[in-house]
Structures are given as C-alpha cells and as structure tokens.
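Undergrad: quick one, what's the 3D model for this:
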Amino acid sequence: MKLSVRVIEGRNIPAMDPNGFSDPYVKLQLGKHKFRTKVVKKCLNPTWCEEFTFKVEDLKEELLVSVLDEDKYLMDDFIGQIKVPVSHVFDAKDKSLGTAWYSLQPKNKKSKNKDCGDILLTISFSQSNSFVDVQRLTDHITPTRKFSDSTIDSPSRFFSSPSRSPSPMKLEVVGSPKEEKFHAQTFAGRLAQMFNKNGDTVSNTSSRTPDLPEVVETDGPEISETNSDEESTSGCFEEMMKAMESRDQGSETPSNLPGGIILDQLYLIAPQDLNSFLFSPDSNFHRSVTESQGTTELQIGPWKLENGGESLKRGLTYIKGASRLVKATRGIEEQTYLKADGNVFAVFASVSTPDVPYGSSFKVELLYCITPGPELPSGEQSSRLVLSWRMNFLQSTMMKGMIEGGARQGLKENFEQYSNLLSQHVKTVDIKDIASSKEQVLATLQVEPQSDWKLAIRYFSNFTMLSTIFMGIYVLVHIWLATPSIIQGLEFVGLDLPDSIGEVIVCGVLVLQGERALELVSRFMQARAQKGSDHGVKAQGDGWLLTVALIEGSTVAAVDSSGFSDPYVVFTCNGKTRTSSIKFQKSDPQWNEIFEFDAMDEPPSMLDVEVFDFDGPFDEATSLGHTEINFLKANISDLADVWVPLHGKLAQACQSKLHLRIFLDNTRGSNVVKEYLTKMEKEVGKKIRLRSPQTNSAFQKLFGLPPEEFLINDFTCHLKRKMPVQGRLFLSARIIGFHADLFGHKTKFFFLWEDIEDIQVVPPTLSSMGSPIVVMTLRPGRGEDARHGAKTQDVEGRLKFHFQSFVSFNVAHR
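TA: Have a look, this model is predicted:
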C-alpha cells in the first residue's frame, strides 16, 4: 500500500535568523525512505503544497515530519517535528486523517522554545492501485533493496509548466530506460553503481523508481485506468465543479508564482465559461494548442476527485516536437484545482520531462488563475486570466541557470501561441477601453437622496430621546397642574430650591437626561453640515489625476450601544484629503460618492483610506479601520472595481471591507517624463539623460513596478549591513531600489520616497573605506518589505539604510 502525504502550509513558524525570518523546509521520513520540500525564503507562514507517496511495508512504522530552517553556511536549524503512526491512518475512516493542522513539537521536552508553530498536512492511504497492482509491485522488491514510490510531486506545489510545453502535464517523473542510461553515463551515476550492490541508480528526491518500468507504461493510455475508484461516479465536469464549489470554505486565491507572469489578459467571457473552455473534457482548445505547436501523441486523462473529494486532478502526456537545440521529448503533466468557488478558479500544473538531460532534477510548474474582470459599460461579464510560473529544482545541479533560461524562453514562445489562439476563440478586452469608459462608469453612480426628516426620525428613535421627551412633557404637565409653593428657607422671589432629597435627585436626573439629548441634537446638526462637501468637486490642473469612487461598505464595526455606527471615510494622497458624508446608524452603508484629487506632477505612490465613527463635534472620532492602496504594487486595471479589506482590531474582528473604484489618468501624455526630468535637472544642477524604453522596461521588471514608473538614474555602490554588499542603487520618481547579485545570492528591495524621514551624510571612516556614507532613515513602521536591507532599527521602529562607496559621491548625493 502507498501512504500519501501532502504538505500544504505552515503558520507561526518561529524566527531562526537574525533578520527576523526563517527559511523553512520540511523533511519527511518513513522507514528508510526520506523526502524534503522546497525551501521558502524569509517567511514565517510558508506555503509548500507538495505531495509525496511512500511505500508502506510495516504498519508499526511512524511517519516523521520535521521542519527545519536552512542555513547557507552552517548546519540547518531544527524548528519542530511531529510523529504520526501509520496504524492510526490505516484505522481511520476511509483510511485517511483528512486535512488538519498539527502542532510542531520540540525534539526534547527540556527545550526552552515550546511554541514551534503549526503545519497543515493531508495524510491518507492512496487508493489508486488495486490489491493486484500492489501485489505486482511488491514482487519487484528484494529483501536486500527497498525503495519508496514517491514519483508524484503533487500539483499542489505552486510552480509552473514544462520548459517547452504548451500547457501543464502530469507529474509522475518515473525513470525511463533512456534516463537510466543517461544517468549511468554521469560521474555520479557510476559512483552510485559502484556502491549499489544491485547496480541501480540512486533514487533522487523526486522519487524516481527505475525498478518499475510498468509504471512508465501507465503514463500513456492507462492514465484513465489508474485511480479508477477515485473517479467521480457521474464523470460530469460541471457536477465536479459544483462539488468543489460546495467544499470551498472561502479559501484565499493563490498568489502568483515567483518565476514571473507569462500571460495577463482580460477576456469578454464569464469566469465559469472561460474555465470550462480551457479545462473541460469536452473542449478541443487544448488539442488545438498542441497541434499548433507541433506536439503529438497527446493523451488527456479524465478529471477525478481524490482524497474524499477534496482535490480534483487529471493527468496528461504528450511528445513535444523537436527543435534546433532539443530533440523530441516526452512530457508528463498533472493538473490540480486549488480553488473553484464559482467565480475564482485556480489550476496548478506541474510538468516533468524525464528524457531531456538533467530532466529528473527539475520540474516546471504553472498556475492558471481565472478571476472576475472589471465591470464593463455594456454590462457584460469579463474574466482575467493570469498565468505565472516557476522552476522547481528537485536536486542541485550546476546547470541550474542554463535550465531556467531555456525553460523561460520555451514558455515565452509556447504561450505567445497559446494567447494568440485563445484570442481567436474568445474576444479580448483592452484595458484602454476600460480606462476610457471611466466617465460612463462613474455616471452610473447616483448618490442616495437623503431626507433630513427621515434621517432625524431614524436617528432620534432611541430610548434616550424618547425618555427625554416623555420626562419633559411630564414635567410641563406637572407645572401646569401644580400651584405655586410658598417661599421658605433660603428661597426668594425667582429662586425656587428643592425642598427634599428626592427633589434633588429628580433635578439631577433631568439635567443629565437633557445634556444627553442636547449632545444628540448637536451631533446630528454637525453631521448634517458635513454632507460630503468633497463629493463631485472637479480636479484642477494637468498631470496625474486620481479619481476615487466610494461605493459601499460591508460589516463596518459597531461602537455605539445601539449596535450600529455612524461611519465616514477619509482619503489621503500626497498630503491632500477628501472626506465622505456621514451615514447614520449603518453597518452596511451605501455612499456612491466620487472624489477627485487635483493634478499632481508625479504619479501618486500611496492612497491612505481610513473609516471613522462620527462622535459629535466635541469628541475625537473613533477609527473603525484603515487600509493603504499601493499604486506601485497594484495593477491599475484591478483597482477599477475592487473590494478592499480594512485593517485594525475592530475591522479585522468584523471582517470589514470597502467597495472602491479607483482611476489614475495622465493628462499630459508622453511629455510627463521629459517635464519631470527637466524639473529635476534644475534642482540638482546636472544634465539627466532620458532612459530608453528597454532600460525602463528592465527596471520595471526587476522590481515589479507598473509601466508608468520610469528610471531617473542608477549608481554603483555598497549596501552596508554586517558586511558590505556591492550592487546598484536605482532612483525613480517614486522609489529608491537596490539590487545585488553576488554568486547567485540576490539582494533586492525598494522603498518609497515619501517613506523617508531624513537623509544624512556620515563623514568617511576606516570601516567605510574612506567613502562618505548616505544614511536614509524611514518613518516609523514604513518600509517593512525592505527590512532585510536595513542596517539598524531604532526603538521607535525607524529603519536605517546605509549606502557607501559611490563612484562619484557628489553626483549621487545631489
């Protein structure tokens, strides 16, 4: 039998490195069989999503899962571990423990660090092979040699497609005779044969099993026969999608893979229809793509529900046509749905090409992500398809750079054809058309008419006001019915004092009640005076125009005793603010208000959004949540219609969100860059040359910046931390970035100009090699993404970055 272990993610992993992060990876061991996941750099909540399969020979064995922190030059740090007896899995219902969080334990009970974090695992016995199949496989195992059948490196791993594949394919990287021959010709293969009594090649971390040629045969026509008992009884793709949708518990959409985005396009089609067109068994699009790329012998297996219906997978095989550099190669691919909730679909694909040189040492993985696109003026639905990729090296190799470069080029060529063919079948949406329809979109927003009388009735319909009115009427009736009392004690004409303790208490209650009523009235009057005066005010000037449409809010936190709040929103950009109207007693307020910021000379970096509860003209407003829109990290087309989650204790407890539509336009056209550089030249007293589009494109790609960002200048310098690191400092209109690549160890970060609080020059010292040091100090709490590049951090949370050894310090400093 085979034990399947899926390592999904970890959380609250303790920091083991001085930079406040860890580089965690997972080691798995069952008997003599060992495997490990990839390393996730600088992360305390890593995502692995890798699957391994073990050959179970004794139910008394224990599965050992250990989490370690990778150190480049020292021994890896142990973080925590768990032990799972195989018998527990065998005795469980459906022979599966399901998907569950496990608390990591220290190696020994005396360890000081008891909190080792948690890990999410799926552990089950694989039902893909019948008893006859298992018996046939076990016949190949001799008493002196055992191996683990872990050839499947599950698609849950977030990497991407084949180096030359038009689409993702099955991941069973099992050894073939050609691959064994190639491996035997290498120096490592000869050593392995010398030390292995049976002359077998050493099994690598991708779990190759060259002893089982029968498994290779199933990559072809027998794909549909394996895992037959896992196949959906109906075999209907739509029903499987509905089953996945019912099981989706609001999981997050997987983030793009770090290898880069190879396709990002909007299509005039609903997300469900685009998903069916690309991945339905009835669709011929996949075959059309392979035929156009010269791929032959394509065999597509059926979609099958596995692990009790928690995952939907299918396998594919094909022969990629020969090129001038590479001969025809066999590709094995596995596709897995990571998310399918009816609106968002994420399909992970992992491809292995075992017949190419070093093919057993890497896999290429893709992530297809289909999300709803922005609303179109015509009312039609649109979808956004984003394809990202990465290389997954299963074992180290000196050819890593060459392999990755070849895969990148192959993917680029393949998916250009893929995109062209898809655009022939499905109409694309031009982002410019969406931007040009801004006025049409905003014209549809109508501010909800508010009657002061209706608002007053709703606002004053509470116990405080009703009891105050009742008590006021009661006192007036009493005065009308009562006869004037005689003057006694210290009273005189015009001064009537209470004659008992009871009257004193009644007077106090009346005064307090009247004060509360007056506060409510003044609060209402002040709020009505603030009717969102910024709504509809047109922007002035030419340059970068920022338009924000505030549509609505969802589950806004309540701080009043009534269970509601009186929310209003304040937008801040480049020191300018815009304020919305106040919505009384609302937890899901509707605004439909439009705010425009006056034209700016340079594109904005950040838009701060904060929601307040109105507490009257005299009290300080209570913050109900806040968020930031980073224009450098967000795609402006995505901001045309977006729900933004709010941060803060109250907002996160209620999961508050705001519905915004944000548009950023440049009214100066292509002259904006030249005008900005001319302005800079006057300030620094030096000629600044305009960079070429290719240079700007490379700069944007290096730091993942939007297309409107342009490079001003760059300088060679040293980043001073514990040890100086030589690299280049890049300056643009909105950011300062640093990049270094020292023997493959890359250092890259950037922070915003507006995050900088102070820039100082430290005189030359011996440690700075006789060069002045530029010290940039950020504002408290800013630049957290660039923390790894900072030399120090003060007690108030300010990060300090030290740059030195400029070729021309005066030029760079200016």
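Undergrad: what distance do you get for the residue lying closest to residue 783 once chain neighbours are set aside to residue 242?
TA: The shortest distance from residue 783 to any non-neighbouring residue, by CB to CB, 6 or more residues apart in numbering, is to residue 751 (4.0 Å). Where C-beta positions appear, they are placed from N, C-alpha and C, glycine not excepted. Applying CB to CB, to the nearest Å, the value for residue 751 to residue 242 is 46 Å.
Undergrad: between these two, which is the more surrounded one?
TA: More crowded of residue 751 and residue 242, by other CB atoms under 10 Å: residue 751, with 23 against 13.
Undergrad: distance of that one from residue 608?
TA: To residue 608, residue 751 is 16 Å away according to CB to CB.
Undergrad: do residue 727 as well
TA: Taken as CB to CB, the span from residue 727 to residue 608 is 31 Å.
Undergrad: for residue 272, same thing?
TA: Residue 272 is 36 Å from residue 608, by CB to CB.
Undergrad: who has more neighbours, the two?
TA: Neighbours were counted for residue 272 and for residue 608 using other CB under 10 Å; residue 272 has more, 19 against 13.
Undergrad: can I assume the more buried one sits in a helix?
TA: Yes. Using DSSP: H, G, I helix; E, B strand; the rest coil, the assignment for residue 272 is a helix.
Undergrad: who are the contact partners of the closest residue to residue 340 other than its chain neighbours?
TA: Leaving out its chain neighbours, the residue that sits closest to residue 340 by CB to CB, 6+ apart is residue 244, at 4.0 Å. Residue 244 is in contact with 312, 337, 340-341, counting by CB atoms under 8 Å, 6 or more residues apart in numbering.
Undergrad: go through these and say which is closest to residue 2.
TA: Nearest to residue 2 among those is residue 312, at 19.8 Å by CB to CB.
Undergrad: gap between that closest one and residue 304?
TA: Going from residue 312 to residue 304 by CB to CB gives 7 Å.
Undergrad: these two: which is more packed in?
TA: Taking other CB under 10 Å, residue 312 and residue 304 do not tie; residue 312 has more neighbours (24 against 21).
Undergrad: what helices or strands is the helix or strand where that one lies leaning on?
TA: Secondary structure assignment for residue 312, by DSSP states H and E: strand 311-320. Judged by 3 or more CB pairs under 8 Å, 6 or more residues apart in numbering; DSSP states H and E, strand 311-320 is in contact with strand 296-300, strand 304-306, strand 329-340.
Undergrad: go through those strands and pick out the most buried.
TA: Mean neighbour count (mean count of other CB atoms under 10 Å) peaks for strand 329-340 among those, with a mean of 24.
Undergrad: quick one: name whatever helix or strand follows that one.
TA: strand 345-352.
Undergrad: what helices and strands are in contact with that next one?
TA: Helices and strands touching strand 345-352, by 3+ CB pairs under 8 Å, 6+ apart, are helix 271-279, strand 329-340, strand 362-372.
Undergrad: just send the ones you listed back as a markdown table, with mean pLDDT and distance to residue 294 too.
TA: Putting the helices and strands packed on strand 345-352 into a markdown table (pLDDT from 0 to 100; distance: least, CB to CB, whole Å) gives the following:
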| stretch | mean pLDDT | distance to residue 294 |
| --- | --- | --- |
| helix 271-279 | 91 | 21 |
| strand 329-340 | 90 | 12 |
| strand 362-372 | 91 | 18 |
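Undergrad: which one of the helices and strands packed on strand 311-320 lies nearest to residue 15?
TA: Nearest of the helices and strands packed on strand 311-320 (CB to CB): strand 329-340, 27.9 Å.
Undergrad: what about that closest one, distance to the chain center?
TA: When distances are taken as CA atoms, centre = their mean, to the nearest Å, strand 329-340 is centred 22 Å away from the chain's centroid.
Undergrad: report the angle between it and strand 311-320.
TA: Relative orientation of strand 329-340 versus strand 311-320 (axes from the mean of the first three to the mean of the last three CA atoms, to 10 degrees): 160 degrees.
Undergrad: strand 329-340 pairs with which strands?
TA: For strand 329-340, the paired strands and their directions (DSSP bridges) are strand 311-320 (antiparallel), strand 345-352 (antiparallel).
Undergrad: would you mark the buried spots in the shortest one?
TA: Read that as strand 345-352. Residues of strand 345-352 classed as buried: 345-352 (neighbour count, 16 or more other CB atoms under 10 Å).
Undergrad: export those as CSV, with columns for pLDDT.
TA: Formatted as CSV, the buried residues of strand 345-352 follow (pLDDT from 0 to 100):
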residue, pLDDT
345, 92
346, 92
347, 93
348, 93
349, 93
350, 93
351, 92
352, 90
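Undergrad: with distance to residue 773 added, can I get those in a markdown table?
TA: What follows is these, written out as a markdown table (distance: CB to CB, whole Å):
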| residue | distance to residue 773 |
| --- | --- |
| 345 | 51 |
| 346 | 46 |
| 347 | 50 |
| 348 | 46 |
| 349 | 48 |
| 350 | 47 |
| 351 | 48 |
| 352 | 49 |
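Undergrad: return the member of these nearest to residue 382.
TA: Set against residue 382, the nearest of the buried residues of strand 345-352 by CB to CB is residue 345 (14.5 Å).
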